[in-house]
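Asker: kindly return the folded structure for what I paste below:
(chains A and B)
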Amino acid sequence: MIPLSHYLLVSAVLFGLGTVGVLISRNLITILMSVELMLNAANLALISFARWHADPGAHVFVFIIFVVAAAEAAVGLSLVIAIFRRKNTVDVDELNILKG
Amino acid sequence: MDFAVFWIAAGVAGAAAINLIFQSKPINSVLSLVVVLFALAVLYLQLSAEFIAALQIIIYAGAIMVLFLFVVMLLNLNQDQFGSNRKPGLRSFGVLIGGTLIIEISLIARAFVSSSPTDGQVVAAEFGSVAQVGRLLFGEYLLPFELTSILLLIAVAGALVLAGKREEAQPPEERS
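Answerer: A predicted model of the protein is given here:
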């Protein structure tokens, strides 16, 4: 059987790549997708710990994370559409109205 | 055999994730994320989480990614209008932070696993099946499960308010 640390390593790499995507991407949609990638990395860690401790409760938790991800994608993408209607761009470097 | 499947799935997931963040066209990023989700579904199957693997493909790759694809096509962002990434300073900063994070989490995972005494447990054949997870969902975890429906309702209402059709760029008193 494959050791737990292998799965956790994959999870860590995916989470780190998601962080890199959030930090370096200029496109709002790519940033949202990187957040989805980080959620999936957390899901992988949960599932591998569930297998390790033989406790299926984490599967319920992952199910709820799916629902949260769906809600996040729906609200986030409608925000993207609203911003695009107003500003005609989804480039985060252009969206500096808060002087951030 | 197990290891071969694991390394292929993990390699595909990592390569597609790297492709996701360094692509300049959003549509290629969406399709790379679909590949990552399928590779993760293979890993879930290896961890005997059949129900979650099926949900991953049906809900995530099927429904959520179609939503992303739909918005990318609706906004017609397919042309390369951004160059690839942000300013060079910010970009190397992001790679530095992300690399540090990956190394840190890997080290923590390694230390945790080597200090934990439990070995992988043998699970029953029905572990992670629809029946078992369904019994948990409608039994012990009924309240959180019902709360997710309220969350989805709020998300639908929020999406309608934010993206619904309206006359913008007019002050409120001119609205009919």
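Asker: what sits against A:Asn40?
Answerer: Taking C-beta atoms under 8 Å, 6 or more residues apart in numbering or on different chains as the criterion, A:Asn40 is in contact with A:14, B:36-37, B:40, B:60. In short, each C-beta sits where N, CA and C put it, glycine included.
Asker: counting by contacts, list what the one helix or strand in chain B whose mean pLDDT sits lowest packs against.
Answerer: Counting by mean pLDDT, DSSP states H and E, the weakest-scoring helix or strand in chain B turns out to be helix B:88-115, with a mean of 80. Under the contact criterion of 3 or more C-beta pairs under 8 Å, 6 or more residues apart in numbering or on different chains; DSSP states H and E, the helices and strands touching helix B:88-115 comprise helix A:4-24.
Asker: the helix it packs on and chain B in contact?
Answerer: Yes: part of helix A:4-24 sits close enough to chain B to count as contact by C-beta under 8 Å from any C-beta of the partner chain, namely A:4-24.
Asker: by mean pLDDT, flag the weakest helix or strand of chain A.
Answerer: Every helix and strand in chain A was compared by mean pLDDT, DSSP H and E; the lowest is helix A:4-24, with a mean of 89.
Asker: which other helices and strands does that helix contact?
Answerer: Helices and strands in packing contact with helix A:4-24 are listed as helix A:28-53, helix B:2-22, helix B:26-46, helix B:88-115; criterion 3+ C-beta pairs under 8 Å, 6+ apart.
Asker: next one: it to chain centre, how far?
Answerer: Taking C-alpha atoms, centre = their mean, to the nearest Å, one finds the center of helix A:4-24 at 11 Å from the center of the full chain.
Asker: can I get it as PDB, trimmed to CA atoms?
Answerer: Below are the C-alpha coordinates for helix A:4-24, written out as PDB (Å, rounded to 0.1, in the frame of the first residue of the first chain):
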ATOM      1  CA  LEU A   4       0.300   8.300   3.600                       C
ATOM      2  CA  SER A   5       3.200  10.700   3.100                       C
ATOM      3  CA  HIS A   6       3.100  10.300  -0.700                       C
ATOM      4  CA  TYR A   7      -0.500  11.500  -0.800                       C
ATOM      5  CA  LEU A   8       0.300  14.300   1.600                       C
ATOM      6  CA  LEU A   9       3.200  15.300  -0.700                       C
ATOM      7  CA  VAL A  10       0.900  15.500  -3.700                       C
ATOM      8  CA  SER A  11      -1.500  17.500  -1.700                       C
ATOM      9  CA  ALA A  12       1.200  19.900  -0.500                       C
ATOM     10  CA  VAL A  13       2.500  20.400  -4.100                       C
ATOM     11  CA  LEU A  14      -1.000  21.100  -5.400                       C
ATOM     12  CA  PHE A  15      -1.800  23.500  -2.600                       C
ATOM     13  CA  GLY A  16       1.500  25.300  -3.200                       C
ATOM     14  CA  LEU A  17       0.900  25.500  -7.000                       C
ATOM     15  CA  GLY A  18      -2.500  27.000  -6.200                       C
ATOM     16  CA  THR A  19      -0.900  29.600  -4.000                       C
ATOM     17  CA  VAL A  20       1.600  30.500  -6.800                       C
ATOM     18  CA  GLY A  21      -1.300  30.800  -9.200                       C
ATOM     19  CA  VAL A  22      -3.200  33.200  -6.900                       C
ATOM     20  CA  LEU A  23      -0.100  35.300  -6.500                       C
ATOM     21  CA  ILE A  24       1.200  35.500 -10.000                       C
END
